[in-house]
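S.K.: Quick check, what structure comes out for this input:
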Amino acid sequence: MWVVCGLYNTLCAVCYAELGSSMPQSGGEYVYVKRAFGDLFGFIILWINFCLICPVGIAALSLICSLYILQPIFPNCEIPEMATKLIATCIVSFLIFINSRNVKWATRMQVVITTAKLVALAIVIVIGIIYIATGDRENFTNSFEGTDFSAGAIALSFYSGFWAYSGWSYLNFLTEELVNPNKNLPRAILISMCLVICVYLVANIAYLAVLTPTQMLQSTAVAVTFASQTMGVMEWLMPILIAVSVCGTMNGTALSMSRLFFIGAQNNHMPQFMSMIQYKFLTPVSSLLVILFLTICFQNSNDIWFLIEMEGFGFATVLTLVFAGQVYLRFSEPDMKRPIKVYIALPAVLCLISFAIVCLTFYKKPTESFLALCIVAGGVVLYCVGNRWQRKPKAIQSKINFVNTFFQKLLLVVPQDNPDEIEWE
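M.R.: Residues are numbered from 1 along each chain as shown. Predicted coordinates:
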């Protein structure tokens, strides 16, 4: 499934390369679906990212990061839930502060974080190779025994795959900032995805060389369990490296998604104050603080698997609409300039697979799926009230204006005069 999910995400990324080169506006799938199916479906994509993908994903990552930090402190007992939430909130707040203060700090920090991630993976892989080379292959005997091969289980495993390979679509949110996107976008996607698939696969083989499948499933933090059995006095290094690498994923998500919400607000699909920038730092503070608020709300769940499945459902729904729109645009706008062009069968097949994953999720996880569907339906209601209802009574409109003015004064944000002045790099 690591390989299958990696190949699936790579093919999805190739289709995104066509869309990104054809419509080189920042905003990613929000822009693509809006052009294909109109304003309402564009808003639905924005709303799913706003409620199900961005804050849910950051909440789950922050809880994972917190677990890796606390696992060495509570090695033989259950980690306190309050401590997990507290540290997770502090981590997210710090990252949001960095992005609000100076985006260049955040991008420079990403270099250090990426280095930590590669070092952690390299340590795992080298130790695993040593174990295998010394003849310790016991865990590979009947290692797939007891596997659930049902369609529902495979669909849910795709959500873990979405989670593990997430990030490939974020580059499309910043297409306008890429140098020569027609050449560099597909190159970046193919090189990075192939590299990540290989590293993840080898890392999991290395885990299995040391830990049994049961130990891996029962561990709260697999890398910490791995380090405790193999690294001796240096086992403290692994949770630090993993925690830092998880922070990098959260940082990248906040950086790219704040841009998406900022653009959505400019199109009147989000509150007006979210389309404003901080007058001194020229950063999208409003969008970032909204992300922080929603993330803290989802952290209260403290169920990481529930959050991963919620985000996976939202992402599969987005992919279904994006690929359906890509196929539709081939017929509705055949003369659109497409510097990168894939066979139409590819997005069509990916659309059907994504839709099948969504349908199987309703069968396997009806509660989570119904909750996610209700959130999307609530977004449609808000769209009708906030966007389509043009002639609002003065009493309602004055309250909306009051809220926008209040947050504008509170956050010291102003409308963007020059599109090039905002800090994104």
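S.K.: When you work out contacts or count neighbours from here on, use the C-alpha atoms and nothing else.
M.R.: Noted.
S.K.: just so I have it, where are all the strands in the stretch 301-425 of the chain?
M.R.: For the stretch 301-425 of the chain, the strands defined by DSSP state E, counting those that start in this stretch occupy 413-415.
S.K.: got the buried residues for stretch 279-297?
M.R.: Using 16 or more other Cα atoms under 10 Å as the test for burial, stretch 279-297 gives 279, 282-289, 291-292, 294-296.
S.K.: For the residues you listed, give me CSV that also has distance to residue 374.
M.R.: Listed next are the buried residues of stretch 279-297 as CSV, based on distance: Cα to Cα, whole Å:
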residue, distance to residue 374
279, 37
282, 36
283, 32
284, 29
285, 29
286, 26
287, 23
288, 25
289, 24
291, 20
292, 22
294, 17
295, 19
296, 20
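S.K.: Which helix or which strand is home to residue 293?
M.R.: helix 285-299 (DSSP states H and E).
S.K.: what helices or strands is that helix leaning on?
M.R.: Contacts defined by 3 or more Cα pairs under 8 Å, 6 or more residues apart in numbering; DSSP states H and E place helix 285-299 against helix 54-70, helix 81-101, helix 237-266, strand 276-278.
S.K.: between it and helix 81-101, how many degrees?
M.R.: 170 degrees (axes from the mean of the first three to the mean of the last three Cα atoms, to 10 degrees).
S.K.: residues making contact with helix 285-299?
M.R.: Contacts to helix 285-299, defined as Cα atoms under 8 Å, 6 or more residues apart in numbering, come from residues 51, 54-56, 58-60, 63, 85, 88-89, 92-93, 96, 99-100, 254, 258-259, 261-262, 273-278, 307, 411, 413.
S.K.: Now list the buried members of those.
M.R.: By 16+ other Cα under 10 Å, the contacts of helix 285-299 give 51, 54-56, 58-60, 63, 85, 88-89, 92-93, 96, 99-100, 254, 258-259, 261-262, 273-278, 307, 411, 413 as buried.
S.K.: List the contacts of residue 243.
M.R.: Neighbours of residue 243 in contact, by Cα under 8 Å, 6+ apart: 64-66, 68-69.
S.K.: Kindly report the same for residue 50.
M.R.: residue 261.
S.K.: what's the nearest residue to residue 326 if we skip its chain neighbours?
M.R.: residue 347 (6.9 Å; Cα to Cα, 6 or more residues apart in numbering).
S.K.: State the number of residues packed around that neighbour.
M.R.: 24 (other Cα atoms under 10 Å).
S.K.: Distance check, residue 369 against residue 363.
M.R.: 9 Å (Cα to Cα, to the nearest Å).
S.K.: Residue 391 now?
M.R.: For residue 391 relative to residue 363 (Cα to Cα), the value is 42 Å.
S.K.: And the two? Which one has more around it.
M.R.: residue 363 (12 against 7).
S.K.: The more buried one - nearest residue in space that isn't next to it in sequence?
M.R.: Nearest one to residue 363, counting by Cα to Cα, 6+ apart, is residue 152 at 7.2 Å.
S.K.: Let me know whether that neighbour touches residue 364 as I believe.
M.R.: Yes. Counting by Cα atoms under 8 Å, residue 364 is a contact partner of residue 152 at 5.5 Å.
S.K.: list the residues that contact both of these two?
M.R.: By Cα under 8 Å, 6+ apart, no residue touches both residue 152 and residue 364.
S.K.: Next one: residue 7 from residue 13, what distance?
M.R.: 10 Å.
S.K.: More neighbours: which of the two?
M.R.: Neighbour comparison, residue 7 and residue 13: the larger count goes to residue 13, with 22 against 15 (by other Cα under 10 Å).
S.K.: I figured the more buried one hits residue 169, correct?
M.R.: Yes. Checked against Cα under 8 Å, the pair residue 13 and residue 169 is within contact range at 6.7 Å.
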